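Trainee: Sequence and predicted structure below; questions after.
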Amino acid sequence: MSTPLPAPSLHTARLRLRPFEDSDADDLFALQSNAEVLRYWDAPPWSERGRAEKFIAACRQMAQEGTGARLAVDRVSDGAFLGWCTLAGWNPVYRSASLGYCYDAAAWGHGYATEAARALLRWAFDTLDLNRVQAETDTRNAASARVLEKLGFVREGTLREDCVVNCEVSDSWVYGLLQREWRYA
């Protein structure tokens, strides 16, 4: 039997990370249906709005099952929905989890992904007794690789021809961050 892991509400100087609400469906669909945003994603852009409701339900299920937390990210200054950040696949036996995120193109280049992930990692390392967090990114996604490296992740290897993105075979980099390497700054 699993133990629920309530999704936290976290705040940074510029961002609010919070559990998804039903009212996020339109913003979420706009994000996940954008081909530019998902150009390095391992799944095609959404074509049906119903996917947003299923995603939000899956977020709640993740919390109920105690396997992680997927949070909506809003900008504090105007309340704009910027995207989401997740800590998934939490395994209390191995003390491990995976980090992921997705942001609207208008949010790129402002440090929001790094700021939000840092807040989520702080919560995760403090709350879940993690030893390791893993993340993967398409090798062509230099911006995502920079986010992970700013957070202290170490590139550990390449998964060759790991994904098919837009009918194109692509490689992924695997990154790891250990508890003893984690720094809040």
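Mentor: Perfect, I can see it now.

Trainee: can you give me the helices in the chain?
Mentor: Taking DSSP state H to define them, one finds helices in the chain at 25-32, 50-65, 112-127, 142-150.

Trainee: and residue 81, which of these is closest to it?
Mentor: Proximity to residue 81, assessed across the helices of the chain by C-beta to C-beta, is greatest for helix 25-32 (3.9 Å). The way it works is simple: take the backbone N, C-alpha and C, and place the C-beta from them, glycine included.

Trainee: And for the least confident helix or strand in the chain by mean pLDDT, what's in contact with it?
Mentor: Here the helix or strand of the chain ranked lowest by mean pLDDT, DSSP states H and E is strand 154-165, holding a mean of 91. Strand 154-165 has contacts (C-beta atoms under 8 Å, 6 or more residues apart in numbering) with 39-42, 136, 138-139, 145, 148-149, 169-177, 181.

Trainee: Likewise for stretch 103-117?
Mentor: 12-15, 17, 30-31, 34, 36-37, 71, 73, 75, 81-85, 99, 101, 143-144, 147, 150-151.

Trainee: Quick one: buried ones out of these?
Mentor: Using 16 or more other C-beta atoms under 10 Å as the burial test, those include 15, 17, 31, 37, 71, 73, 81-85, 99, 101, 144, 147, 151 as buried.

Trainee: Give me the subset of those residues lying in strands.
Mentor: Using DSSP state E, the subset of these located in strands is 15, 17, 71, 73, 81, 82, 83, 84, 85, 99, 101.

Trainee: Check those and tell me the two furthest apart.
Mentor: 81 and 99 (19.8 Å).

Trainee: give me the low-pLDDT residue ranges for the protein?
Mentor: The chain contains residues with pLDDT under 70 at 1-2, 184-185.

Trainee: Could you tell me the end-to-end distance of stretch 92-99?
Mentor: The straight-line separation of the ends of stretch 92-99 (C-alpha to C-alpha, to the nearest Å) is 15 Å.

Trainee: Centre of the chain to stretch 19-30, how far?
Mentor: Averaging C-alpha positions (C-alpha atoms, centre = their mean, to the nearest Å) puts stretch 19-30 15 Å from its chain's average.

Trainee: quick one: buried residues of it?
Mentor: For stretch 19-30, the neighbour count (16+ other C-beta under 10 Å) marks 19, 20, 24, 25, 27, 28, 29 as buried.

Trainee: Could you do stretch 97-115 as well?
Mentor: Neighbour counts over stretch 97-115 (16+ other C-beta under 10 Å) mark 97-104, 107, 112-115 as buried.

Trainee: Which single one of the residues you listed is nearest to residue 58?
Mentor: residue 100 (12.9 Å).

Trainee: Next, the contact list for that closest one, please.
Mentor: Residues near residue 100 by C-beta under 8 Å, 6+ apart: 85, 86, 88, 135.

Trainee: Kindly recompute the last result at 6 Å.
Mentor: residue 86 (C-beta atoms under 6 Å, 6 or more residues apart in numbering).
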